[in-house]
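**Q** A structural model of the following input is requested.
(2 chains)
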Amino acid sequence: MGTLRTERWASNLRAFASGSVAKSRERYASIREDHECDPRDDAHSPSVNNPLMPASEETPWAKHFKAREVRDLVAKDLERLHPGEAFYNAKDVQAALCNVLTAWALVNPEVGYRQGMHELASLIFFYRASDAAAGTGTGTDAGATHAWGEGGDPPPMRPIDANAPALSSTYVEHDTYAMFDAFLGPTRDARRRRANANERGDDATGPPFVNVVAYYEDAERRGGASEVQRACDRVFAVLDEIDASTSERMRALGVEPQLFCLRWLRLAFTREFHLDDAARVWDAIADANAGDDRGDGHAAMDFMEAFAVSMIVFVRGDVADAEDFGGVVKRLQKFPPACDIDVLVSRAGVIAPAVKAVREGKDVPTEVLARAGIELGIPANSVAPGTGTGTGTGTFPGAAASASASASASGSGVGGGGDDARPQLGAKANEFLIKAKDASAGVGARAADLFANIGARAKAAMANAGHSASATPRKNSGNGNGGDGRGVEVVDQARSMPPSPKELGSAFGGLGFFGGGGGRGGGGGGGTPAERFEARRRRRAR
Amino acid sequence: MSESDEESEQLQYKVILLGDGSVGKTSIAMRFTEDYFGKSYKQTVGLDFFVRKVTLPSEIDVTIQVWDIGGQTLGGKMINKYVYGAQAIVLIYDISNYQSFENLQDWYALVKKTFNGRLMPYVALMANKADLSHIRAVTPEMHNEFADANEMCSYFVSAKTGDNVTTTFYRVAADLAGIDLSNQEIEVVRKIVRAEIVNNPTSHVARRKAEAKKTSSKCIIM
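**A** Purely as a prediction, here's the structure:
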């Protein structure tokens, strides 16, 4: 790979204004100068500018006090950043992160600094500093020698060398700002400003953009749902579609997605995995952002929410086994570290179109569900034999393996044979679909679609599907799984779960259910005063 | 498990910890559920969830769910969803941080609004970092005044030393289950938790005040 990680991030996030690193560094320096000016230096007369004037006035003193307040808030959180890890607690790193977060909060006062942002910035900072130190990226950095993480003061903000290389330890702080800003994306206000007038053409590269900041924003209207709440609802809605038995189980126990998803999304999964693994997820988020073909800036968010779904599905066995509410929540809040992150990433890629559909209020396309079913090895529960079985197995050659086949089915069987299953879906599939729709045995048309689309490979996957998370999954690779045959897992201790009629009913009942229970619209009274309270408390806290 | 012969129904209580950031909510939850104290925890983003089973006198098993809610990260509406359905709410402040005490007014107001018109849960006032009495910013008098005014049970604890943390949850559970705990029983729990008991002067002040008030309030103040 010719490019280092943060180069790839920067390019996929479109982090540098007009593609110019120097320009972005310049911008960062002027932001800081603007907000951190020493009011005593100001040439204004004391009648216009003195520390005793009301804070509401836009005086240099008011600005100064505001900046100091934000800085104190940020510094307080940074004290608790990755406790015990020397790099993050080194004086220079702390100071640089504090500068970055304070600057961002002051530029975006409508959101300001929120807990969690410091962890996002720190991940970017760490990798940027590592890449700069590696020095193997674009150009070399002969003059810059700052070794981050060893204490002391950060390098001075200026001068900015227009000819400095893209990866320079001198400008890690500057570049972190640009990438952090791009990763958070425009705030609601900024989006609106951008939509209303096409101003800011010079620093805004326009959509597509990541918009993680939306997960930090409060609800827009009184009684409305915040974006992060909506995202949680989407995660559940998609789970309903692709793994109804798991979502059913969670609903039955009262486990709502915001109990764990909020942290997953706000921290972009950095707490759930080792940082190296989290960075892999970020690679994929950035890639999704770059590949946004709609230009509305949601591709990266779709991916993130899909990733959350794939995480839940990954521990579906534990969810099924858990005794109660507490067991499920604990499993999801303490995600098992043993998994192969690439499996989750590739699954999320398959699920993302489903999130997109839900976001747009559309039905999840059948082929998306089918692919997800294959990729995740879900069907054992959700698309169980029952009414469909007879016709199904008859219609599709090679679909003989039953859902309850034991886990001893060899891993190598997974890769073979099934790859050509989907191309066969043609007239026969439609025929089957029509039959299935007519069958009206409690199976929704959607479920029938899904079932019809699952070929031999899916069947094999069912047999092998990883249900137990207590066993360490091995990725079944190297069997020449062509095409998209990644990520089918063999779990040592897979259980087969022959569905009972009740499960069947509930599984199908779940299909097509769009998150109504998640509290999207409803949600009892008292929300509005609470929001007012929240706003007041935050103001006070600053 | 199934040792409880005739007691087929499992008692389970949802206890919510509320309070400003870094007053020690996570530390208290960790101390109670795992008897562990870490010097520093990452900020709770959203919610952390802990569970511990305790056995009350007469072999009554109780599962205590501790919901540790991020002090800063949740919007009001979401907090509402978490708080609702709780059997007990523990309002926590840091005795060395006056602001964290004052802000409990707001936290309490949030609770009252959430339960508006419904039966209020058991509400307790908990002063954490009692080991920092040399830099205290909130006096026991202020503490008691707030607790009395709002008819809250009140506790002084230190997650760091472990002082009173488990006994507090034990008491909360007993109160919820409607079981009277004798001092002796409390002592037993205390001894299991810690062999050495730091004699905290604030507790005595509080206790003396509590003795005087005992007739008016059913809460036990330690």
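
**Q** can you tell me if stretch A:327-337 touches chain B.
**A** Yes. Stretch A:327-337 lies within reach of chain B by CB under 8 Å from any CB of the partner chain, at A:Val329, A:Lys330, A:Gln333. C-beta coordinates here come from the backbone N, C-alpha and C atoms, glycine included.

**Q** Quick one: the helices in the stretch 151-300 of chain A, in order.
**A** Using DSSP state H, counting those that start in this stretch, the helices of the stretch 151-300 of chain A run over residues A:172-184, A:188-196, A:227-242, A:244-253, A:258-266, A:275-290, A:299-314.

**Q** Could you save the ones you listed as a markdown table and add columns showing distance to A:Ile374?
**A** Shown next, in a markdown table, are those (distance: least, CB to CB, whole Å):
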| stretch | distance to A:Ile374 |
| --- | --- |
| helix A:172-184 | 32 |
| helix A:188-196 | 37 |
| helix A:227-242 | 11 |
| helix A:244-253 | 16 |
| helix A:258-266 | 25 |
| helix A:275-290 | 20 |
| helix A:299-314 | 13 |
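
**Q** Need these in JSON lines (columns: mean neighbour count, distance to chain B and mean pLDDT).
**A** JSON lines is the format used below for the helices of the stretch 151-300 of chain A (neighbours: other CB atoms under 10 Å in any protein chain shown; distance: least, CB to the nearest CB, whole Å; pLDDT from 0 to 100):
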{"stretch": "helix A:172-184", "mean neighbour count": "27", "distance to chain B": "15", "mean pLDDT": "95"}
{"stretch": "helix A:188-196", "mean neighbour count": "14", "distance to chain B": "14", "mean pLDDT": "80"}
{"stretch": "helix A:227-242", "mean neighbour count": "27", "distance to chain B": "7", "mean pLDDT": "95"}
{"stretch": "helix A:244-253", "mean neighbour count": "22", "distance to chain B": "12", "mean pLDDT": "95"}
{"stretch": "helix A:258-266", "mean neighbour count": "26", "distance to chain B": "4", "mean pLDDT": "94"}
{"stretch": "helix A:275-290", "mean neighbour count": "20", "distance to chain B": "13", "mean pLDDT": "95"}
{"stretch": "helix A:299-314", "mean neighbour count": "27", "distance to chain B": "13", "mean pLDDT": "96"}
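
**Q** related to what we said a few turns ago, what's the closest of the residues of stretch A:327-337 next to chain B to B:Pro57?
**A** B:Pro57 lies nearest to A:Lys330 out of these, by CB to CB, at 27.9 Å.

**Q** which residues touch the closest one?
**A** B:Phe49, B:Val51 (CB atoms under 8 Å, 6 or more residues apart in numbering or on different chains).

**Q** so it is in which element?
**A** Counting by DSSP states H and E, the element that carries A:Lys330 is helix A:325-333.

**Q** what's the closest of the residues of stretch A:327-337 next to chain B to chain B?
**A** Chain B lies nearest to A:Val329 out of the residues of stretch A:327-337 next to chain B, by CB to the nearest CB, at 4.7 Å.

**Q** quick one: the closest one from A:Leu259, how far?
**A** Using CB to CB, to the nearest Å, one obtains 6 Å as the distance from A:Val329 to A:Leu259.

**Q** Between those two, which contacts overlap?
**A** B:Phe49.

**Q** What ranges in the stretch 51-200 of chain A fall below the confidence cut-off?
**A** For the stretch 51-200 of chain A, applying pLDDT under 70 flags the ranges A:53-57, A:135-144, A:197-200.

**Q** Am I right that B:Val138 is in contact with B:Ala127?
**A** Yes. Contact criterion CB atoms under 8 Å: B:Val138 and B:Ala127 qualify, at 7.0 Å.

**Q** Where do the helices of chain B begin and end?
**A** Counting by DSSP state H, one finds helices in chain B at the ranges B:25-34, B:76-83, B:98-102, B:104-114, B:140-149, B:165-177, B:183-193, B:201-213.

**Q** Residue numbers of chain B in contact with chain A?
**A** So chain B meets chain A at B:20-22, B:38-43, B:45-49, B:51, B:63, B:65, B:70, B:72-81, B:84, B:99, B:103, B:106, B:109-110, B:113-114, B:116 (CB under 8 Å from any CB).

**Q** one more time with 7 Å
**A** Within reach of chain A by CB under 7 Å from any CB of the partner chain, chain B has these residues: B:39-40, B:42-43, B:45-49, B:51, B:65, B:70, B:72-73, B:75-81, B:103, B:106, B:109-110, B:113-114, B:116.

**Q** For chain B, name the helix or strand with the lowest mean pLDDT.
**A** helix B:201-213 (a mean of 42; mean pLDDT, DSSP states H and E).

**Q** what is the orientation angle of the helix or strand hosting A:Arg8 with helix A:299-314?
**A** A:Arg8 is located in helix A:5-12, with elements delineated by DSSP H and E. When axes from the mean of the first three to the mean of the last three CA atoms, to 10 degrees is applied, the directions of helix A:5-12 and helix A:299-314 differ by 120 degrees.

**Q** So which bits of the helix or strand just after helix A:5-12 are buried?
**A** For helix A:5-12, the following helix or strand on the C-terminal side (DSSP H and E) is helix A:21-35. Buried residues in helix A:21-35, defined by neighbour count with 16 or more other CB atoms under 10 Å in any protein chain shown: A:Val21, A:Ala22, A:Lys23, A:Ser24, A:Arg25, A:Glu26, A:Arg27, A:Tyr28, A:Ala29, A:Ile31, A:Arg32, A:His35.

**Q** partner residues bridging the residue nearest the centre of chain B?
**A** Central residue of chain B (CA atoms, centre = their mean): B:Val90, 4.5 Å from the mean position. B:Val90 forms beta bridges with B:Leu17, B:Ala124, as assigned by DSSP bridges.

**Q** do B:Leu56 as well
**A** Here B:Leu56, judged by DSSP bridges, has bridge partners B:Ile60.

**Q** count of residues packed around it?
**A** Using other CB atoms under 10 Å in any protein chain shown, the number of residues around B:Leu56 comes to 19.

**Q** For the spatially closest residue to A:Val107 that is not a sequence neighbour, give me the pLDDT.
**A** Closest residue in space to A:Val107, ignoring its immediate chain neighbours: A:Ile31 at 5.9 Å, by CB to CB, 6 or more residues apart in numbering or on different chains. pLDDT, A:Ile31: 93.

**Q** Next, the angle helix A:275-290 makes with the host helix or strand of A:Ser346.
**A** Using DSSP H and E, A:Ser346 sits within helix A:341-359. Interaxial angle of helix A:341-359 relative to helix A:275-290 (the same axes, to 10 degrees): 40 degrees.

**Q** Which strands or helices does whichever helix or strand comes after helix A:341-359 pack on?
**A** Using DSSP H and E, the helix or strand that follows helix A:341-359 in sequence is helix A:366-376. Contacts defined by 3 or more CB pairs under 7 Å, 6 or more residues apart in numbering or on different chains; DSSP states H and E place helix A:366-376 against helix A:227-242, helix A:341-359, helix A:445-453, helix A:456-464.

**Q** Keeping just the C-alphas, turn the longest one into PDB.
**A** Read it as helix A:341-359. Extracted in PDB, the C-alpha atoms of helix A:341-359 (Å, rounded to 0.1, in the frame of the first residue of the first chain):
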ATOM      1  CA  ILE A 341     -13.000  -7.200  12.700                       C
ATOM      2  CA  ASP A 342     -12.800  -7.700   8.900                       C
ATOM      3  CA  VAL A 343     -15.800 -10.000   9.100                       C
ATOM      4  CA  LEU A 344     -17.900  -7.400  10.800                       C
ATOM      5  CA  VAL A 345     -16.700  -4.800   8.300                       C
ATOM      6  CA  SER A 346     -17.600  -6.800   5.300                       C
ATOM      7  CA  ARG A 347     -21.000  -7.700   6.800                       C
ATOM      8  CA  ALA A 348     -21.700  -4.100   7.400                       C
ATOM      9  CA  GLY A 349     -21.000  -3.400   3.800                       C
ATOM     10  CA  VAL A 350     -23.700  -5.800   2.800                       C
ATOM     11  CA  ILE A 351     -26.100  -4.400   5.400                       C
ATOM     12  CA  ALA A 352     -25.600  -0.800   4.600                       C
ATOM     13  CA  PRO A 353     -28.000  -0.700   1.600                       C
ATOM     14  CA  ALA A 354     -30.700  -1.900   4.100                       C
ATOM     15  CA  VAL A 355     -30.000   1.100   6.400                       C
ATOM     16  CA  LYS A 356     -30.200   3.400   3.400                       C
ATOM     17  CA  ALA A 357     -33.600   2.000   2.500                       C
ATOM     18  CA  VAL A 358     -34.900   2.400   6.000                       C
ATOM     19  CA  ARG A 359     -33.500   5.900   6.200                       C
END
